[in-house]
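Chemist: What would the 3D arrangement of this be:
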Amino acid sequence: MSHDRYGSDVLSQDPHRHRKPQTTDVPADRGLVVEDVTSGWVGAVVRVEKSGGEHVVVLEDRQGRTRTFTLGAGFWVDGKPVRLVAPRPRSGPATPRRTASGSVAVTNARARVARASRIWVEGRHDAELVERVWGDDLRVEGVVVEMLDGVDHLADRLADFGPSPARRVGVLVDHLVPGSKESRIADAVMATFPGVLVLGHPYVDVWQAVLPARVGLAEWPHVPRGTDIKVGTLRALGWPAKNQADIAAGWKRILGRVRDYKDLSPALLGRVEELVDFVTVD
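Modeler: Residues are numbered from 1 along each chain as shown. Next comes the predicted model:
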């Protein structure tokens with residue numbers, strides 16, 4: 001009688017079938033998206049800090065909420081178990097510090113005395129976004145950014161300012177697309193006033209110039225005509241949108257997600273860079 005050393009089912013003893021996934025160490029670098037196994041909380045690493053004598057990691061979900069977890073095992077990254085460890089220290093030769101716009105930072109330099117030329121933007125949110133990304137560069141160049149509160153009276157503002165080839169005005173406009181009211185105003189003022197350049201992005205509001213992935217969206221919502229773009233956007237995000245205070249708070253959350261120029265649409269980046277060049281040419 002022969003003996004079958006493998007049995008009747010060679011797959012029944014598969015040594016790989018019940019092997020548990022191996023946990024690996026992963027540095028808790030800022031921006032890494034992880035899931036806490038116990039609670040199911042999914043979020044991006046905001047920071048690692050020491051609290052109560054132990055190291056913890058702070059995760060932020062797509063709604064902007066944060067939770068703190070003990071650094072260590074019990075997390076998943078891309079469906080695999082990991083043990084979060086302290087972020088890797090930066091090493092190697094020092095590289096030039098970059099501003100948020102990607103320019104090489106000028107160290108130990110005082111802000112230049114303001115130029116006669118100016119950059120004008122439509123509103124506060126536009127000004128705050130430009131400041132966040134290009135603020136360091138503009139101070140070195142001595143460029144002042146001023147708010148217009150809309151472009152309907154741009155011609156009157158320019159007449160009061162008196163632009164010239166030596167006293168230039170660069171204007172950043174929302175929704176500057178062919179055939180729009182904004183494009184007609186832009187064409188008219190550039191034909192009338194010397195030393196004026198009007199550029200813009202195609203978005204109805206500058207909020208949409210922030211990459212939607214920064215707030216957890218694949219794309220910005222299509223807000224129906226008749227609904228305020230900011231209110232519709234906040235509702236789509238599931239954020240409060242009842243009053244002006246909610247709108248201001250929502251914008252602060254969006255602006256807070258902008259780290260540098262890589263978080264903005266190229267449609268805005270190129271136009272701002274061109275305006276900066278225009279007003280800084282001697």
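
Chemist: The lowest-mean-pLDDT helix or strand in the chain: what's the following helix or strand?
Modeler: The helix or strand of the chain with the poorest confidence is strand 42-51; it has a mean of 86 (mean pLDDT, DSSP states H and E). The helix or strand immediately downstream of strand 42-51 is strand 54-60, counting by DSSP states H and E.

Chemist: list the buried ones in that following strand?
Modeler: Buried residues in strand 54-60, counting neighbours by 16 or more other Cβ atoms under 10 Å, are found at H55, V56, V57, V58, L59, E60. For the C-beta atoms, the positions are set from N, CA and C on the backbone; glycine is no exception.

Chemist: Likewise for stretch 261-274?
Modeler: Y261, D263, L264, S265, L268, L269, R271, V272, E273.

Chemist: mind giving me CSV with the buried residues of strand 54-60 and columns for pLDDT and distance to F278?
Modeler: Converted to CSV, the buried residues of strand 54-60 look like this (pLDDT from 0 to 100; distance: Cβ to Cβ, whole Å):
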residue, pLDDT, distance to F278
H55, 89, 49
V56, 91, 48
V57, 92, 45
V58, 91, 42
L59, 90, 43
E60, 87, 38
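
Chemist: Could you identify the most distant pair in these?
Modeler: Maximum pairwise distance in the buried residues of strand 54-60, criterion Cβ to Cβ, is 17.6 Å, between H55 and E60.

Chemist: Could you tell me how far the residue lying closest to V281 once chain neighbours are set aside is located from R139?
Modeler: Distances taken as Cβ to Cβ, 6 or more residues apart in numbering place R168 nearest to V281, at 7.8 Å, with adjacent residues excluded. Shown here: R168 relative to R139, a distance of 18 Å by Cβ to Cβ, to the nearest Å.

Chemist: Comparing the two, which residue is more hemmed in?
Modeler: The neighbour comparison of R168 against R139 (other Cβ atoms under 10 Å) goes to R168, with 21 against 17.

Chemist: how about low-confidence regions in the chain?
Modeler: Applying pLDDT under 70 to the chain flags the ranges 1-20, 90-97, 103-112, 282.

Chemist: and the longest helix along it, what other elements does it pack with?
Modeler: Determined from DSSP state H, the single longest helix within the chain is helix 124-141. Judged by 3 or more Cβ pairs under 8 Å, 6 or more residues apart in numbering; DSSP states H and E, helix 124-141 is in contact with strand 118-121, strand 144-147, helix 244-256, helix 266-280.

Chemist: what sits up against that helix?
Modeler: 99-101, 103, 105-106, 109, 111-112, 115, 119, 121, 144-147, 172, 174, 205-207, 209-210, 251, 255, 258, 260-261, 264, 272, 276, 280 (Cβ atoms under 8 Å, 6 or more residues apart in numbering).
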